[in-house]
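Student: quick check, what structure comes out for this input:
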Amino acid sequence: MQNHLTLSPEVRAALAENQPIVALESTIIAHGMPFPKNVETALRVEQTVRRAGAVPATCAILDGRIRAGLSPDEIERIGRAGAAIPKASRRDLPYLLSQGLHGATTVASTMIAAQLAGIRLFATGGIGGVHRGATASMDISADLQELAQTPVAVVCAGAKSILDIGLTLEYLETFGVPVLGFQTDEFPAFYTRRSGFGVDYRMETPTEIARLLQVKWQLDARGGVVIGNPIPAEYEPDAGVMERAIAEALADADRQQIKGKAITPFLLARIERITGGQSLESNIELVCHNARLAAEIARAFQAEG
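Tutor: Residues are numbered from 1 along each chain as shown. From the prediction side, this is the model:
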């Protein structure tokens, strides 16, 4: 592990002192938003974690090393390069590391980095899942298999609303991944608070969630946990507007034959244009909202341990 993992001084000290830590991804920096909004958002999310009493650990692949914890200059380096830095999921890590290259970590690879570093909580926007039309395309995100096997809890605003949320939840159930709702009975749909699908268990406090995580991993039960945290109501866009934007973006992707790892960045960018930037602002607010809750759970997890 030490041959491939580098911890920032802040993260290394936090681990040594048993402080709460929250992992953060870097795909949202390289592929989720334009520069300089991506860098501003990444730094704001880190500050949100700090204000909530935890240490942020933004993850990435830089110069063939898995990095847990980045400096502001390194975050800007990723933000300026943007899509020139490839998305790095589980399958990409051996190649990128062996070639000494860069990579922006997805949900799956951020979970791997967090596990290697000994970090249990991770905050993101939305998890990947089963894509619409997957019965024909077999397009299923590697995030789901990572959740099935890697012991990291992921705080998210649900699955991205461009996905088939029902099939995504069925997949998680098959692999025994608990899906929790923070103060909600309904699994959120990323931009919107409601999806029409329920969660496995409703949890009211970060301490309740922390206790469940402690018990799960004391039982040596493999895999992670999904914690659905709905976007704050004041930042929720109209559900009908979003669904029409998603349908238009999906049709554009189909016409242009956009597939594989390119499809999510394409759809998010297209939806942003269709909604006049409203989806981007909602995305930023929900990521910060998730980072705050993840920090609160991390604090409770350390206290329970």
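
Student: when you work out contacts or count neighbours from here on, use the C-alpha atoms and nothing else.
Tutor: Noted.

Student: so which bits of the longest helix seen in the chain are buried?
Tutor: In the chain, taking DSSP state H as the definition, the longest helix is helix 278-304. Using 16 or more other C-alpha atoms under 10 Å as the test for burial, helix 278-304 gives 278-280, 282-301.

Student: now swap in stretch 138-146 and tell me
Tutor: 139-146.

Student: next step: those residues restricted to strands.
Tutor: Applying DSSP state E to the buried residues of stretch 138-146, no entry is found in strands.

Student: so of the residues you listed, which ones are in helices?
Tutor: Among the buried residues of stretch 138-146, the ones falling in helices (DSSP H) are 142-146.

Student: mind checking the longest strand of the protein?
Tutor: The chain, longest strand under DSSP E: strand 55-62.

Student: tell me which residues are up against it.
Tutor: 10-11, 14, 19-26, 46, 49-50, 66-70, 88, 96-97, 100-105, 110, 113, 295 (C-alpha atoms under 8 Å, 6 or more residues apart in numbering).

Student: can you give me the strands in the stretch 101-250 of the chain?
Tutor: Taking DSSP state E, counting those that start in this stretch as the test, the strands found in the stretch 101-250 of the chain are 104-105, 121-123, 153-156, 179-182, 201-203, 225-228.

Student: with mean pLDDT, mean neighbour count and distance to Glu173 added, can I get those strands in JSON lines?
Tutor: Shown next, in JSON lines, are the strands of the stretch 101-250 of the chain (pLDDT from 0 to 100; neighbours: other C-alpha atoms under 10 Å; distance: least, C-alpha to C-alpha, whole Å):
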{"stretch": "strand 104-105", "mean pLDDT": "98", "mean neighbour count": "29", "distance to Glu173": "25"}
{"stretch": "strand 121-123", "mean pLDDT": "98", "mean neighbour count": "29", "distance to Glu173": "20"}
{"stretch": "strand 153-156", "mean pLDDT": "98", "mean neighbour count": "29", "distance to Glu173": "16"}
{"stretch": "strand 179-182", "mean pLDDT": "98", "mean neighbour count": "24", "distance to Glu173": "8"}
{"stretch": "strand 201-203", "mean pLDDT": "98", "mean neighbour count": "18", "distance to Glu173": "12"}
{"stretch": "strand 225-228", "mean pLDDT": "98", "mean neighbour count": "26", "distance to Glu173": "11"}
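
Student: quick one, which of the ones you listed gets closest to Leu169.
Tutor: Closest approach to Leu169 among the strands of the stretch 101-250 of the chain is made by strand 179-182 (8.1 Å; C-alpha to C-alpha).

Student: helices or strands up against that closest one?
Tutor: strand 201-203, strand 225-228 (3 or more C-alpha pairs under 8 Å, 6 or more residues apart in numbering; DSSP states H and E).

Student: adjacent strands (with direction) for that strand?
Tutor: Strand pairing for strand 179-182, determined by DSSP bridges: strand 201-203 (parallel), strand 225-228 (parallel).

Student: thinking again about what came up before, tell me the angle the longest helix of the chain makes with strand 55-62.
Tutor: Going by axes from the mean of the first three to the mean of the last three C-alpha atoms, to 10 degrees, helix 278-304 is angled at 120 degrees with respect to strand 55-62.

Student: related to what we said a few turns ago, of the helices and strands packed on strand 179-182, which is nearest Gln257?
Tutor: Gln257 lies closest to strand 225-228 among the helices and strands packed on strand 179-182, at 30.9 Å (C-alpha to C-alpha).

Student: quick check: Thr105 vs Glu25, distance?
Tutor: 6 Å (C-alpha to C-alpha, to the nearest Å).

Student: ok, which stretches of this structure are helices?
Tutor: Assigned by DSSP H, the chain shows helices spanning 9-16, 27-30, 37-51, 72-81, 93-99, 107-117, 134-137, 142-149, 165-174, 206-218, 239-255, 263-274, 278-304.

Student: any idea which of those helices has the lowest pLDDT on average?
Tutor: Confidence, taken as mean pLDDT, is least for helix 134-137 of these (a mean of 74).

Student: what helices or strands is that helix leaning on?
Tutor: Partner elements for helix 134-137 (3+ C-alpha pairs under 8 Å, 6+ apart): none found.

Student: buried residues, it. List them.
Tutor: Within helix 134-137, judged by 16+ other C-alpha under 10 Å, no residue is buried.

Student: can I get the CA coordinates of that helix in CSV?
Tutor: This file holds the C-alpha atoms of helix 134-137, laid out as CSV (Å, rounded to 0.1, in the frame of the first residue of the first chain):
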residue,chain,number,x,y,z
ALA,A,134,-29.3,-0.9,-19.2
THR,A,135,-31.4,-4.0,-20.0
ALA,A,136,-30.0,-3.5,-23.5
SER,A,137,-26.7,-1.7,-22.9
